[in-house]
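Visitor: Task: produce atomic coordinates for the following.
(one chain, ligands or ions: 1)
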Amino acid sequence: MKETINAAETNEAKRAMDGILARSDKSALRMMTKEDCALIVRWRNKPSVREWYIYREPFTLEGEEAYYEREVKTGHVIHLMVLDLTDGYKPVGCSVFNRMEPDKNQMEGGIFLGEDSVKGKGIGSDAYRLATRWVFAHWPMPEAQGDPSMISHVATKNIASIRMTENVGFRYEKTLKDVRCTDGTLMDMVQIVLRKSFLADE
Ligand SMILES: CC(C)(COP(=O)(O)OP(=O)(O)OC[C@H]1O[C@@H](n2cnc3c(N)ncnc32)[C@H](O)[C@@H]1OP(=O)(O)O)[C@@H](O)C(=O)NCCC(=O)NCCS
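Guide: Modelled structure (predicted):
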């Protein structure tokens, strides 16, 4: 009986590890699949996630599936799932990189954790570090145009995100006052950047 359970556990772990792109002892990353759409919609509609985004409209399953077909499958957007290794590779959030114009040397990057229970335990910093390094290594941007970089905008009140992005190596560029969200709310935001050259010493 014990052997059967062990075999089942091994198979479960093996299935979970299929498609792992990067991992540490805390978190791992895999590509989003169409089956993740419902989970992402549930997470993205939580006030604790939505309040930090400029786009505040409700996400729908139809909309997310269309986004998957249009942007993710075509490689315009790199949409990674964050997995919690302390909980059997459970998906807990997303890290998304928008290529904007494919021939440009800058991407827009971000991350959110949809499961509130995992916040504040270092998973965001850990997974975003993995994600940014993985994207720089695997989705090269043309260095002929200068130092490849990732840009992000974070609400000045989002202390966890500001600290997390500092942990990952992002640096302050400027403050944008009164950015209008889609529901009319105004938010002050910082523009931060992670240049590939910042990582030279790692
Ligand atoms: C932002 C987010 C990804 C951070 O992930 P996390 O796993 O919760 O963060 P970490 O545990 O790695 O903590 C990062 C830093 O923030 C601090 N921190 C975490 N939660 C905090 C909180 N609620 N208040 C103040 N500081 C906090 C930690 O102490 C740590 O700082 P330190 O390294 O100086 O000690 C996550 O909280 C989240 O998904 N929030 C909602 C969505 C969001 O804001 N996304 C970003 C949009 S730009």
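
Visitor: Give me the secondary structure label for the residue in the chain that the ligand sits nearest to.
Guide: Proximity to the ligand, evaluated over the chain using Cβ to the nearest ligand atom, is greatest for G124 at 1.9 Å. Bear in mind the C-beta positions are built from the backbone N, C-alpha and C, glycine included. Secondary structure state of G124, per DSSP: H, G, I helix; E, B strand; the rest coil, is helix.

Visitor: Next, count neighbours for it.
Guide: Applying other Cβ atoms under 10 Å, we find 26 residues neighbouring G124.

Visitor: likewise P148?
Guide: P148: 20 surrounding residues under other Cβ under 10 Å.

Visitor: which residues does it contact?
Guide: By Cβ atoms under 8 Å, 6 or more residues apart in numbering, the contact list for P148 reads N105, Q106, F136, P140, M141, P142, R195, K196.

Visitor: Quick check: PyMOL command selecting the buried ones in those.
Guide: In PyMOL syntax, the buried subset of those is picked out as below (16 or more other Cβ atoms under 10 Å):
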select buried, resi 105+106+136+141+195+196
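
Visitor: can you list the contacts of P148 in JSON lines and add secondary structure?
Guide: Formatted as JSON lines, these follow (three-state DSSP):
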{"residue": "N105", "secondary structure": "coil"}
{"residue": "Q106", "secondary structure": "strand"}
{"residue": "F136", "secondary structure": "helix"}
{"residue": "P140", "secondary structure": "coil"}
{"residue": "M141", "secondary structure": "coil"}
{"residue": "P142", "secondary structure": "coil"}
{"residue": "R195", "secondary structure": "strand"}
{"residue": "K196", "secondary structure": "helix"}
